[in-house]
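[1] Return atomic coordinates for the entry below.
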Amino acid sequence: MNLKDQSSSNHLGQRWYAIYTRSRYEKKVAGLLEERGITAYLPLMKTWRQWSDRKRLVEVPLFNSYIFILSEPHLVYKTLQVDGAIYVVKFAGQPAVIPDEQIENLKILLGSSTKFENSFDEFIFGEHVEVIEGPLCGVQGVFVEYHGKKRVLIRMDAINQNLVIEVKLGMVRKEIMADKEKA
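    Reported below is the predicted structural model:
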């Protein structure tokens, strides 16, 4: 069973939401939410950090001050009772629902060894594409040219963040909207 199958069958009635946390409180908030029985997802990436006396591989949040929770809509605001949780990310006055596909894209990306970068640039969006081979198979995004290279952009609209992944042209195909409508 792939990640998409697991995602859609695991949480009937629950949706993903983004919570904004105090700076450097992401791990603490995620842990406290898990202790209360709330499914929290904190995307972490490994990076080398240099101190004056040593260099060490550490896990840091992919998106500073953001974690994702899986919750029923009427329970979202209870997460703010946790120390370090500041607010629920909203769109048009309502908690912003994060599509399952975006969470699954993050899980696929972070589970692979593919190099990527976090980008805060605004892009002119192109065609929707899906990676069809390699460790990122199934990741959906927008095809862009960035710094002169062909890449796939994964957009996390609710938190205004982009991830840019370099891919070979043969590894992507146009995402056919008819396929999405049938599903």
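[2] Return the backbone torsion pair for the residue nearest the centre of the chain.
    For the chain, the residue sitting closest to the mean C-alpha position, by Cα atoms, centre = their mean, is residue 106 at 4.2 Å. Geometry field for residue 106 lists phi and psi as phi -60, psi -40, criterion degrees, to the nearest 10.
[3] burial of the residue nearest to it when sequence neighbours are not counted, as a residue count?
    In space, and not counting its chain neighbours, residue 106 is closest to residue 43: 4.9 Å by Cβ to Cβ, 6 or more residues apart in numbering. In this view, the C-beta of every residue, glycine as well, is placed from N, C-alpha and C. The local packing of residue 43 (other Cβ atoms under 10 Å) involves 18 other residues.
[4] And the pLDDT for residue 182?
    The model reports residue 182 with a pLDDT of 48.
[5] Could you do residue 36 as well?
    pLDDT at residue 36 comes out at 95.
[6] Then the one 4 residues further on?
    pLDDT for residue 40: 97.
[7] Ok, residue 162 next?
    86.
[8] Beta-bridge partners for it, please?
    Beta bridges link residue 162 to residue 119, residue 155 when assigned by DSSP bridges.
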